[in-house]
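Participant: I would like the atomic coordinates for the input below:
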Amino acid sequence: MRDLDIDMFYDADKKEYYCLRCCYTGSEEDVQTKNQMARFRYRAMLKRFDSFGRNG
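Facilitator: Below you'll find the model as predicted:
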């Protein structure tokens, strides 16, 4: 199962995905594009940063 399938329903008649958490609908291509964008933006969300400079 792909990670985008977890929160999405697929309507085969309309060939669209529907989000279970919000009112978003979109094509397979649009969903994959936005999924990649979310992965890029939140890639370090669970990483703990101890220092914030060059010398740290």
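Participant: which parts of the chain are helices?
Facilitator: 28-41 (DSSP state H).
Participant: and the strands in the chain?
Facilitator: Using DSSP state E, the strands of the chain run over residues 8-11, 16-19, 25-26.
Participant: out of those, which one sits most buried?
Facilitator: strand 16-19 (a mean of 17; mean count of other CB atoms under 10 Å). C-betas here are computed from N, CA, C, even on glycine.
Participant: who are the packing partners of that strand?
Facilitator: strand 8-11, strand 25-26 (3 or more CB pairs under 8 Å, 6 or more residues apart in numbering; DSSP states H and E).
Participant: of all these, which lies closest to residue 47?
Facilitator: strand 8-11 (26.3 Å; CB to CB).
Participant: how near is the residue most central in space within the chain to residue 42?
Facilitator: Centroid check for the chain by CA atoms, centre = their mean gives residue 35 as the closest residue, at 3.3 Å. According to CB to CB, to the nearest Å, residue 35 stands 11 Å off from residue 42.
Participant: number of residues surrounding residue 31?
Facilitator: When counting by other CB atoms under 10 Å, one arrives at 21 neighbours for residue 31.
Participant: fine by me, thanks again.
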